[in-house]
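Trainee: Quick check, what structure comes out for this input:
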Amino acid sequence: MPSGEPPVRDDDHDQPLRILIVEDDPRVRTALRAFLSEGGFEVVGDAATAAAALRMARERAPAVVLVDVLTAHGPDGIELLRALTELRIPAVAISIHGGVRGDALAAGAYSFLDKDSAPELLVATLREAAAHACR
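Mentor: Model prediction:
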């Protein structure tokens, strides 16, 4: 997304859309943070583990959480999706393994994207998930 894009707004509050990133690979986490921040999202945190992500979700009230479903650290992203659903925080699941799509959606993910999805699709899906939660 080019620099200078208008911030992605939370329609109810006219604020940048608050997002939490859950990704165990620090390079991918850093790249996602930079991409989404440049695109106008407010990244309220990033976490390498589901436990850290759940703590941040409770403390920082993101509008949406981007969850790498398969992490090298336990508990896994599927359990995190279930916990976020209980907290009524929408989540978009991502993975390089498409075989977990059904499990992620059953656990409460708003949507599932392959990690190689187009950046524009990621942005649109995050916006949709946050908007869906506001209804």
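Trainee: hey, where'd the strands end up in this protein?
Mentor: Using DSSP state E, the strands of the chain run over residues 9-10, 15-16, 18-22, 42-47, 64-68, 91-95, 111-114.
Trainee: Report the angle between the longest one and strand 64-68.
Mentor: With axes from the mean of the first three to the mean of the last three Cα atoms, to 10 degrees as the criterion, the two stretches strand 42-47 and strand 64-68 enclose an angle of 30 degrees.
Trainee: The strands of the chain: lowest mean pLDDT?
Mentor: Sorting the strands of the chain by mean pLDDT places strand 9-10 lowest, at a mean of 50.
Trainee: so where's the protein uncertain?
Mentor: In the predicted model of the chain, residues 1-14, 71-75, 134-135 satisfy pLDDT under 70.
Trainee: The same query, at a cut-off of 90, please.
Mentor: Applying pLDDT under 90 to the chain picks out residues 1-16, 39-40, 70-76, 96-100, 132-135.
Trainee: can you pull out the helices in it?
Mentor: Using DSSP state H, the helices of the chain run over residues 26-38, 50-60, 77-86, 101-106, 119-134.
Trainee: what angle separates the last one from helix 26-38?
Mentor: Pointing back at helix 119-134 there. 70 degrees.
Trainee: Check which helices and strands helix 119-134 sits against.
Mentor: helix 26-38, strand 64-68, strand 91-95, strand 111-114 (3 or more Cβ pairs under 8 Å, 6 or more residues apart in numbering; DSSP states H and E). Using the backbone N, CA and C atoms, a C-beta is placed for each residue, glycine as well.
Trainee: In CSV: the helices of the chain, plus mean neighbour count.
Mentor: Below are the helices of the chain laid out as CSV (neighbours: other Cβ atoms under 10 Å):
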stretch, mean neighbour count
helix 26-38, 15
helix 50-60, 17
helix 77-86, 20
helix 101-106, 16
helix 119-134, 16
